[in-house]
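# Show me how the following folds:
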Amino acid sequence: MSNNQNGRKPVFISAEVTESVLDWPSMIGAIRQSYAAPHADRTSFRAVARDGGVWLRSLVSVPPAGQVMGAKVFGRSSGRGVSYLVPLFDRESSELLALIDGRHLTALRTAATSAVAVDLLAPQRPVRVGALGSGGEARAHVKAIASVRPIESVTVYSPTELKREQFAVDLARELGVPCKAVAHPEQAVKEANLVVCAARSHDERPVLDGNWLMDGTLLVSIGSTIPEQRELDLRSIERCDLIVCDMVHEVVDETGDFIEANARGLEFRSKLATLNDLVLGRVDDRVKTARLPMYKSVGAAIQDVTVAELAWRRALDKGLARELDIALTVQQV
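Model (predicted):
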């Protein structure tokens with residue numbers, strides 16, 4: 001057995017440091033590189049344990065293009081609090097490299113990954129963004145998209161007037177583009193050529209009506225990730241003729257949108273493709289002919305680990321990582 005064989009100690013990186021050292025172009029580039037290598041079936045997967053309203057989830061990954069392997073572990077307590085921990089391990093030595101507070105990572109990696117998909121699916125033109133949702137995920141998505149396409153305008157809908165109005169004010173100031181809040185989701189979607197769905201559904205009622213979408217629109221859906229959630233109606237899934245997924249089996253089997261579509265007998269499996277195949281250019285012909293493509297995301301550990309590795313390296317370079325006086329024993333097997 002060896003202990004700390006390279007003479008380095010693991011570090012702790014706070015949520016504030018993680019957020020401060022990351023930027024959209026670097027995250028988007030790192031995610032694209034991670035998906036530019038072929039993925040095995042078990043490159044990235046998750047597990048969930050539950051006891052009533054208490055649950056613990058783990059997302060683990062060995063990114064084929066990275067130098068580290070790792071996980072995101074997060075749980076909800078009986079008091080409804082949630083905390084996130086990302087441990088990173090050296091792929092060659094198995095040493096623990098870092099413990100990272102992952103509070104900001106989910107929104108950042110989700111938006112950066114969506115931006116990779118947008119860059120490969122959307123025509124090279126300015127986009128009119130229609131945002132359904134005004135929370136952190138929606139904000140992050142608009143900012144990430146601005147790194148890969150010029151934004152002509154943003155229109156936002158969410159159920160709470162104050163939140164959508166503040167969203168519009170903030171994004172107009174930060175991005176320097178017209179941004180307005182509207183009182184009905186159709187108003188946010190009908191003139192958009194890029195629609196971002198990032199709103200939790202209520203009572204399993206979809207937020208989006210597929211009849212509102214124009215041909216040529218790119219739909220990005222990230223708000224439904226478990227069976228209890230729906231944000232897309234059947235018409236949205238029916239009309240989209242190319243559906244790119246970060247985790248195909250989880251999209252099909254674990255999101256309320258597609259569980260309902262399957263139960264209703266809607267045929268969609270022939271339209272599915274993986275984000276890995278998109279980045280590798282394996283579906284280029286389908287992208288060219290798609291009239292209404294969709295990127296559907298449930299999130300994946302490879303995204304967390306890739307962005308966490310970037311944050312770890314940058315925090316070390318800037319002297320912002322706090323060294324821990326601990327070391328895990330590495331046992332040779």
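# what's Ala168 in contact with, if anything?
Ala168 is in contact with Val154, Val156, Cys179, Lys180, Ala181, counting by CB atoms under 8 Å, 6 or more residues apart in numbering. (C-beta placed from N, C-alpha, C; glycine too.)
# residue contacts, the closest residue to the first one other than its chain neighbours?
Spatial nearest neighbour of Val154, excluding adjacent residues (CB to CB, 6 or more residues apart in numbering): Cys179 at 4.1 Å. The contact partners of Cys179, by CB under 8 Å, 6+ apart, come to Ser153, Val154, Thr155, Val156, Phe167, Ala168, Val169, Leu171, Ala172.
# okay, those in CSV with distance to Glu186, secondary structure and pLDDT next?
CSV is the format used below for the contacts of Cys179 (distance: CB to CB, whole Å; DSSP: H, G, I helix; E, B strand; the rest coil; pLDDT from 0 to 100):
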residue, distance to Glu186, secondary structure, pLDDT
Ser153, 16, strand, 98
Val154, 16, strand, 98
Thr155, 11, strand, 98
Val156, 13, strand, 98
Phe167, 18, helix, 98
Ala168, 17, helix, 98
Val169, 22, helix, 98
Leu171, 20, helix, 97
Ala172, 22, helix, 98
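# Was I right to think Ile13 contacts Lys318?
No. Contact criterion CB atoms under 8 Å: Ile13 and Lys318 do not qualify, at 10.6 Å.
# higher neighbour count, those two?
Ile13 (24 against 11; other CB atoms under 10 Å).
# pLDDT wise, what is the more buried one at?
Note for Ile13: predicted pLDDT of 98.
# In this structure, what helix or strand scores lowest on average pLDDT?
strand 2-3 (a mean of 45; mean pLDDT, DSSP states H and E).
# Quick one: name whatever helix or strand follows that one.
Next helix or strand after strand 2-3 toward the C-terminus (DSSP states H and E): strand 11-13.
# mind listing what Ala112 touches?
So Ala112 contacts Trp24, Met27, Ile28, Ala30, Ile31, Ala144, Gln303, Val307 (CB under 8 Å, 6+ apart).
# mind redoing it with 6 Å?
With contacts defined as CB atoms under 6 Å, 6 or more residues apart in numbering, Ala112 is in contact with Met27, Ile28, Ile31, Ala144.
# For the stretch 51-200 of the chain, just list every one of the helices.
105-121, 136-145, 161-175, 185-189 (DSSP state H, counting those that start in this stretch).
# how much space between the most centrally placed residue in the chain and Val252?
Nearest to the mean C-alpha position of the chain, by CA atoms, centre = their mean, lies Thr110 at 1.8 Å. Plainly put, Thr110 is 19 Å away from Val252 if you go by CB to CB, to the nearest Å.
# Equivalent analysis for Pro64, please.
23 Å.
# now swap in Glu186 and tell me
From Glu186 to Val252 the distance is 28 Å (CB to CB).
# Return the distance of stretch 212-222 from the chain's centre.
Computed by CA atoms, centre = their mean, to the nearest Å, the chain-centroid distance of stretch 212-222 equals 17 Å.
# buried residues in that stretch?
Trp212, Leu213, Thr217, Leu218, Leu219, Val220, Ser221, Ile222 (16 or more other CB atoms under 10 Å).
# again, but for stretch 186-197
Gln187, Ala188, Val189, Lys190, Ala192, Asn193, Leu194, Val195, Val196, Cys197.
# out of the residues you listed, which one sits closest to Glu228?
Cys197 (16.2 Å; CB to CB).
# In contact with the closest one, which residues?
Leu132, Leu208, Ser221, Gly223, Glu231.
# Only the buried subset of those residues, as a ChimeraX command please.
Buried residues among the contacts of Cys197 (16+ other CB under 10 Å), as a ChimeraX selection:
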select :132,208,221,223,231
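# Can you tell me which of the contacts of Cys197 comes closest to Arg269?
For the contacts of Cys197, the nearest to Arg269 is Ser221 (16.9 Å; CB to CB).
# ok, what's across the strand from the closest one?
Cys197, Lys296 (DSSP bridges).
# from what I can see it touches Lys296, true?
Yes. Look at Ser221 against Lys296 with CB atoms under 6 Å: they come within range, at 4.9 Å.
# ok so, going back, please say which of Pro64 and Val252 ends up with more neighbours.
More crowded of Pro64 and Val252, by other CB under 10 Å: Val252, with 19 against 16.
# which residues touch the more buried one?
If you count contacts by CB under 6 Å, 6+ apart, then Val252 has Phe258 around it.
# Check the gap between it and Ile259 for me.
On the measure of CB to CB, Val252 and Ile259 end up 8 Å apart.
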